[in-house]
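Engineer: Model the following, please.
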Amino acid sequence: MNDTNKQTGAAKTARNPIKIIPLQERLRKPQWIRVKSGSGAGYNEVKRMLREHSLHTVCEEASCPNIGE
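Structural biologist: Numbering: from 1, shown residues only. You can find the predicted model right below:
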């Protein structure tokens, strides 16, 4: 294939055996599968100290489900 016959856009993807489907709106997770974040006194104390020193944890950045442990 040379540059003069170069396909782009829909013509290029039309010969692909896997059909490309546009993204649809994401479904929300059901309430029962959601994990509540930590709420104990120890968790709140550690979080307060971290905020005083302008620090963040890896668990916070990754939205770790066991952050309260």
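Engineer: model confidence over stretch 5-13, on average?
Structural biologist: When pLDDT is averaged along stretch 5-13, the result is 76.
Engineer: first vs last residue of it, how far apart are they?
Structural biologist: Distance across stretch 5-13, first residue to last, is 15 Å (Cα to Cα, to the nearest Å).
Engineer: Residues touching that stretch, excluding its own?
Structural biologist: 15, 20 (Cβ atoms under 8 Å, 6 or more residues apart in numbering). C-betas here are computed from N, CA, C, even on glycine.
Engineer: continuing past the biggest helix by length in the chain, what's the next helix or strand?
Structural biologist: Counting residues, the longest helix found in the chain (DSSP state H) is helix 41-52. Using DSSP states H and E, the helix or strand that follows helix 41-52 in sequence is helix 58-61.
Engineer: Could you pull out the buried residues of the longest helix of the chain?
Structural biologist: residue 47 (16 or more other Cβ atoms under 10 Å).
Engineer: Now find how far off-centre stretch 30-46 is within its chain.
Structural biologist: 19 Å (Cα atoms, centre = their mean, to the nearest Å).
Engineer: ends of it, how far apart?
Structural biologist: Note: stretch 30-46 ends 30 Å apart using Cα to Cα.
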